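A.B. asks: fold the following.
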Amino acid sequence: MKWGLLGGTFDPIHIGHLRSAEEVRELFGLDRVVFIPASVPPHKSGVGVTAFSHRERMVRLAIEGNPYFFFSGVENEREGKSYSVETIAHFQNKYGKGLEIYFIVGQDAFQAIKTWKEWERLLKMCHFVVMTRPGYEKKDLQAILPPSFADNFSYRKEDQGFHGPAGYAVYFREVTFLDISSSRIRHLAGQGRSVSYLVPGAVNRYLLEQRLYGRD
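C.D. replies: Numbering: from 1, shown residues only. This next block holds a predicted model:
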């Protein structure tokens, strides 16, 4: 089994998340992409983050009908902050060696990976797919990771990946860049403006029904 794991706050999930996940799925021939909302994002205070139940519902509505997209609430089942290293360990422990994990992250998130919990261990646990914007040229681990660590990875032209000693690789892949952000959607909704076509129709209806992000 080849699964992509895509984490995030998803507050709300939007078309950009879905399109990039679909492109990565096709590029790597993934059997599924699992969307994993963070319960308490480690790089955010948690203040102002919409309740998990709402974010879960919006993710489920967004991926409904796509047989390759799945939801996991694993990070809401643990107490405290949501750490990727623990989430990956959960899937590996649950599904065993038959599961090959591709952890999907954005370019900006990967640039800050040295701030993540146990980042060195994390990069030795599974494959990483770093989604880049068109024109991004710094596809070099030396520019992101300490040289002493980056030197353990070697670039293979045949699959355009940086392969590490644990047998896992870091892949930089350009995806369609849709200039959409969850914060922008919340801002528009807060002003009473339309967010149609930025989020799936079912998600738009849900946030209107629940009055999420909007003014009373």
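A.B. asks: chain center to stretch 93-102, what's the gap?
C.D. replies: 18 Å (C-alpha atoms, centre = their mean, to the nearest Å).
A.B. asks: so what touches it?
C.D. replies: Contacting residues not belonging to stretch 93-102 are listed as 1-5, 24, 28, 30, 88, 91-92, 125-129 [C-beta atoms under 8 Å, 6 or more residues apart in numbering]. (C-beta placed from N, C-alpha, C; glycine too.)
A.B. asks: quick one: contacts for residue 142?
C.D. replies: Contacts for residue 142 (C-beta under 8 Å, 6+ apart) come out as residue 150.
A.B. asks: quick check: phi and psi at it.
C.D. replies: With angles defined as degrees, to the nearest 10, residue 142 sits at phi -60, psi -30.
A.B. asks: make residue 1 into 285 and carry on from there
C.D. replies: Understood, numbering begins at 285; the last thing we discussed is residue 426.
A.B. asks: coming back round to it: please, a PyMOL command that selects the buried ones among the contacts of stretch 377-386?
C.D. replies: Typed into PyMOL, the line below selects the buried ones among those, using 16 or more other C-beta atoms under 10 Å:
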select buried, resi 287+288+289+308+312+314+372+375+409+410+411+412+413
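A.B. asks: how are the helices of this structure distributed by residue range?
C.D. replies: Here the chain has its helices, by DSSP state H, at 299-312, 336-347, 368-379, 391-395, 403-406, 431-434, 466-474, 485-493.
A.B. asks: just list whatever residues bridge to the nearest residue to residue 453 once chain neighbours are set aside.
C.D. replies: Spatial nearest neighbour of residue 453, excluding adjacent residues (C-beta to C-beta, 6 or more residues apart in numbering): residue 445 at 3.8 Å. When assigned by DSSP bridges, residue 445 has beta-bridge partners residue 440, residue 455.
A.B. asks: low-scoring pLDDT stretches of the chain, where are they?
C.D. replies: 327-331, 421-422, 499-500 (pLDDT under 70).
A.B. asks: and residue 346, how many residues sit next to it?
C.D. replies: Neighbour count for residue 346, taken as other C-beta atoms under 10 Å: 25.
A.B. asks: actually residue 371, sorry about that
C.D. replies: 21.
A.B. asks: again, but for residue 337
C.D. replies: Neighbour count for residue 337, taken as other C-beta under 10 Å: 10.
A.B. asks: ok, it to residue 323 distance?
C.D. replies: Distance, residue 337 to residue 323, by C-beta to C-beta, to the nearest Å: 11 Å.
A.B. asks: which outside residues touch stretch 307-322?
C.D. replies: 285-294, 297, 301, 305-306, 336, 339-340, 343, 347, 352-360, 366, 371, 375, 386, 388, 413, 415, 455, 457, 459-460.
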